[in-house]
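**Student:** have a look; sequence and predicted model below, questions after that.
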Amino acid sequence: MTSPPPEITVLHVVPDLRRSAGGIAANAPALAEALAAQGIASRFLTRAFDPDADIAEHCLRIAPTHGLNVAQLARAMAGMRAQLRAGARIVVHSHGLWDPLNHAGLRLAIDLGLGRIVSPHGMLLPWARAHKRRKKDLAWHLYQRRDLARAELLHVTSQAEAEAVANHCRGAQIAQVPLGIALPPESAPTRTRSPNGRKRLLFLGRLHRVKNLDTLIRAFAACAPRDWDLRIAGPDEDGLIPVLSARAAERGAAERITLAGPVWGAAKQAEIAAADALILPSHTENFGTVVAEALAAARPVIATTGSPWAELAEAGCGWWVAPDLAGLGGAIAALGATTAPERAAMGARGRALVARAYLWPQVGAQMAALYRQAAALRAEAARSGQGAAAQNPERLASLIGRAGE
């Protein structure tokens with residue numbers, strides 16, 4: 001018995017889908033699974049992905065080049081031509097800003113009359129927007145502002161991001177839906193106390209300047225009780241390990257701070273299970289999935305006001321503090337003063353928070369509604385004569401032909 005055709009196919013444009021890229025790459029398999037439960041299929045247009053990933057068979061790979069054009073992308077989409085001819089509804093979801101692949105994918109969507117959603121993924125938040133500002137200002141005026149204006153919907157994951165996007169894109173339709181999380185079973189592994197009774201604070205994520213790890217090390221060295229260790233796990237994107245190791249030694253904390261390298265999948269969950277608490281010291285975060293993962297595993301969390309996690313303090317499951325030495329140091333000292341039963345109670349409240357608002361089934365339903373809305377808005381615009389008249393398989397065939405010349 002054959003499965004019914006999907007209601008909508010979403011072409012996600014994600015420049016880098018490798019696990020080491022973090023962000024949406026880490027969430028893509030779960031997002032695709034949640035959408036499939038809603039009758040929506042996913043394909044991924046990308047330059048790179050892990051061959052062993054669950055979504056590898058759904059990836060359309062564009063070879064890394066100095067330039068991209070619509071014909072190259074159309075050729076990669078050749079397998080989707082039959083869907084267009086059969087009248088399938090296709091929506092292009094561009095994840096991230098600034099990258100030429102995101103721009104070219106949206107140009108293709110415009111050319112074919114496809115519905116369009118853009119997720120800035122925090123790239124318009126103040127710290128991120130100011131980082132390498134000159135290059136971004138140029139891209140903004142050349143194409144990025146226009147790409148955002150031409151999308152049916154702009155998707156954000158937090159109120160802070162909604163406000164930043166609204167400041168940049170006056171009059172845009174903005175939809176706020178968080179990223180999702182799977183709730184581990186209550187029988188998941190719990191922290192096994194080391195023989196010397198030491199407790200562990202965990203950072204889990206990319207080693208990147210935006211993560212504010214130098215300040216974290218200084219705050220930990222100054223404020224953490226002597227029976228606490230700090231474990232920093234993640235891929236080193238900015239070549240920071242020598243600098244961070246030197247900072248730990250300089251502050252007399254080298255024996256209590258471990259730089260563990262990248263972890264994925266089950267090893268990542270084991271890191272969370274082996275920790276007493278998690279810390280995310282970032283200057284800015286679009287969402288901070290690792291916070292939700294730690295809460296789901298019933299671990300207290302320290303996060304900064306650069307992230308959208310004010311709920312930590314409101315729900316009594318962690319600390320939400322300024323990303324400076326005083327904020328992080330004060331939270332680390334407060335965590336160090338808690339008892340094991342107090343941390344367990346905080347963890348239980350965090351797990352309940354995730355169960356209320358952040359599980360993939362409910363997030364998948366909300367995202368499916370956005371794709372239906374984008375498809376409907378595009379169809380309405382086509383009927384009124386705005387933009388491309390309809391999804392256009394003949395135009396796609398023409399572009400594919402040009403790409404093969």
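**Tutor:** Cool, got the structure.

**Student:** quick one: low-confidence parts of the stretch 1-150 of the chain?
**Tutor:** Counting by pLDDT under 70, the stretch 1-150 of the chain shows low-confidence ranges at 1-5, 65-72, 74, 76, 78-87.

**Student:** count of neighbours near I110?
**Tutor:** By other Cβ atoms under 10 Å, 18 other residues sit near I110. In this view, the C-beta of every residue, glycine as well, is placed from N, C-alpha and C.

**Student:** ok, A267 next?
**Tutor:** If you count neighbours by other Cβ under 10 Å, A267 ends up with 11.

**Student:** next, it: secondary structure please.
**Tutor:** Secondary structure assignment for A267 (DSSP: H, G, I helix; E, B strand; the rest coil): helix.

**Student:** give me the low-pLDDT residue ranges for the stretch 151-300 of the chain?
**Tutor:** Low-confidence segments of the stretch 151-300 of the chain (pLDDT under 70): 187-196.

**Student:** go with 80
**Tutor:** Across the stretch 151-300 of the chain, the ranges flagged by pLDDT under 80 are 185-197.

**Student:** show me where it has helices.
**Tutor:** 159-168, 213-223, 241-250, 265-273, 289-296 (DSSP state H, counting those that start in this stretch).

**Student:** among these, which is the most enclosed?
**Tutor:** Of these, the one with the most neighbours on average (mean count of other Cβ atoms under 10 Å) is helix 289-296, at a mean of 26.

**Student:** residues in contact with the following helix or strand past it?
**Tutor:** Going down the chain from helix 289-296, the next helix or strand is strand 301-304, by DSSP states H and E. Strand 301-304 is contacted by residues 201, 212, 277-283, 285, 288, 291, 294-295, 309, 312, 317-323, 327-328, 331-332, 335, 350 when judged by Cβ atoms under 8 Å, 6 or more residues apart in numbering.

**Student:** now strand 301-304: buried residues?
**Tutor:** Buried residues in strand 301-304, counting neighbours by 16 or more other Cβ atoms under 10 Å, are found at V301, I302, A303, T304.

**Student:** quick check, S42 in a strand?
**Tutor:** Yes - under three-state DSSP, S42 falls within a strand.

**Student:** quick check: nearest residue in space to it, chain neighbours excluded?
**Tutor:** Distances taken as Cβ to Cβ, 6 or more residues apart in numbering put A32 closest to S42, at 4.0 Å, once the chain neighbours are dropped.

**Student:** repeat for S307
**Tutor:** E285 (3.8 Å).

**Student:** these two touch, right, P300 and A340?
**Tutor:** No - taking contacts as Cβ atoms under 8 Å, P300 lies outside contact range of A340: 11.2 Å.

**Student:** who has more neighbours out of those two?
**Tutor:** P300 (27 against 11).

**Student:** list the contacts of the more buried one.
**Tutor:** D276, A277, L278, C317, G318, L335, T338, R343, M346, G347, G350.

**Student:** ok, what's across the strand from C59?
**Tutor:** For C59, the beta-bridge partners are F44 (DSSP bridges).

**Student:** list the contacts of it.
**Tutor:** So C59 contacts L17, R43, F44, L45, T46, F49, A53 (Cβ under 8 Å, 6+ apart).

**Student:** now A294
**Tutor:** A294 touches L202, L204, I272, A275, A277, L278, V301, G350, counting by Cβ under 8 Å, 6+ apart.

**Student:** farthest-separated two in those?
**Tutor:** Between any two of the contacts of A294, the greatest separation by Cβ to Cβ is 15.3 Å, found for L204 and G350.

**Student:** and those two? which has more neighbours close in?
**Tutor:** G350 (27 against 22).
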